[in-house]
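Asks: Just a sequence and a predicted model for now, questions to come.
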Amino acid sequence: MPEGPEIRRQRDLLADALNGRRARRIRFHLPRLAAWNGPLDGVRILDVESRGKALVTHLDSGHSIYSHNQLYGRWVVAAPNDRPRTRRSLRLAIETEALHALLYSASDIEVWPTARLQDHPFLRKLGPDVLDAATTPEKVLARLLDRRFRNRRLGGLLTDQSFVAGLGNYLRCEILHCAGLHPRWRPAALPEGRLLALAARMLQLPRQSLATGGVTNDLARARELEAAGVPFEGYRFHVFRRAGEPCYRCGEPIRKEMHGGQPCYLCPGCQPAP
């Protein structure tokens, strides 16, 4: 599933194509949304906003279109006569005179009154967005110490969108590795200094991923590996999808374990279990 940095890059693509422009036509290709085909034609797109793993497209009609890519959703921006050739099912088309924004495969789409977005069942539960400049390590530390979260294992907590928004499995694995923490640790069992270092990593790595197109590895190391001919997927991560390969830090083979219902990649040498 796309994580916060990937969704933010899609947001930027859509915002460049749509913000301030008038939608000649908006078409939903889901039967439950068919009643909205027509009423939104001609509206102006005010802004496309990312909230964690969700996108919200604000319209001057007083409505917003909520969409979540889920596992397979994909946005494409294309010229009006240049629809992509794909087997994916088109779910939503926002058409301006110059460009069309097309959402394929996703089905978690809703039209919602903008004034009531705070009541949306997914959005209202989101924790602070790790890509929001207003989210600081101190705010994340406060979440880690909060009684709602402090006794939960990190392996499940970090991907809970009500804790913080935007982290998924690859970021969870990379953050825990860089913080030297096994997924079974609980915040309550760690000193505040280690928790603050964890909080800093929880913001630094997603923001690095956003800036670099998905690289969470040490950037100098990533450049060296790229120069040596290693492909992108081979140099972008510290541990994610590197099971059996040596840890860059200590040389121990990376291990793949299940934590929080998902495969987690970790170094047993650098991330000892509690």
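Replies: All right, it came through fine.

Asks: So the protein: which segments form each domain?
Replies: 4-125, 137-266 (automatic domain parsing).

Asks: Which helix or which strand is home to residue 112?
Replies: strand 108-113 (DSSP states H and E).

Asks: elements contacting the helix or strand just after that strand?
Replies: Per DSSP H and E, strand 108-113 leads on to helix 137-145 as the next helix or strand towards the C-terminus. For helix 137-145, the packing partners by 3 or more Cβ pairs under 8 Å, 6 or more residues apart in numbering; DSSP states H and E come out as helix 192-212. All C-beta atoms are positioned from the backbone trio N, CA, C, and that covers glycine.

Asks: Run the angle between whichever helix or strand comes after the helix it packs on and helix 192-212 for me.
Replies: Where DSSP H and E defines the elements, the next helix or strand beyond helix 192-212 is helix 219-227. Using axes from the mean of the first three to the mean of the last three Cα atoms, to 10 degrees, the inter-axis angle of helix 219-227 relative to helix 192-212 is 40 degrees.

Asks: Who are the contact partners of residue 165?
Replies: 4, 51-53, 126-130 (Cβ atoms under 8 Å, 6 or more residues apart in numbering).

Asks: let's see it at 10 Å
Replies: Residue 165 sits next to 4, 50-54, 123, 125-132, 135 when contact means Cβ atoms under 10 Å, 6 or more residues apart in numbering.

Asks: Give me the buried entries from the residues you listed.
Replies: 4, 50-54, 123, 126-132, 135 (16 or more other Cβ atoms under 10 Å).

Asks: Three-state assignment for residue 264, please.
Replies: Recorded secondary structure, residue 264: strand (DSSP: H, G, I helix; E, B strand; the rest coil).

Asks: how deep is it tucked in, by neighbour count?
Replies: 26 (other Cβ atoms under 10 Å).

Asks: and what of residue 230?
Replies: For residue 230, the count of nearby residues is 13 (other Cβ under 10 Å).

Asks: Repeat that for residue 134.
Replies: Neighbours of residue 134 (other Cβ under 10 Å): 7.

Asks: Begin at 21 from now on, thanks
Replies: I'll keep to 21 as the first residue from here, and by that count the last item is residue 154.

Asks: I'd say it and residue 148 touch.
Replies: Yes. Using Cβ atoms under 10 Å, residue 154 is in contact with residue 148, at 7.7 Å.

Asks: wait, which of the buried ones among the contacts of residue 185 is closest to residue 253?
Replies: Distance to residue 253 across these (Cβ to Cβ) is lowest for residue 24, with 19.4 Å.

Asks: what's that closest one in contact with, if anything?
Replies: 70-73, 149-152, 181, 184-188, 191, 226-227, 229-230.

Asks: for residue 211, what are its contacts?
Replies: Contact analysis of residue 211 by Cβ under 10 Å, 6+ apart lists residue 217.

Asks: any idea how far it is from residue 294?
Replies: 13 Å (Cβ to Cβ, to the nearest Å).

Asks: now residue 175, nearest residue through space, not along the chain?
Replies: residue 203 (2.8 Å; Cβ to Cβ, 6 or more residues apart in numbering).

Asks: Contact partners for the one you found?
Replies: With Cβ under 10 Å, 6+ apart, residue 203 has these contacts: 173-178, 192-193, 196, 277-280, 282, 284, 286, 291, 293-294.
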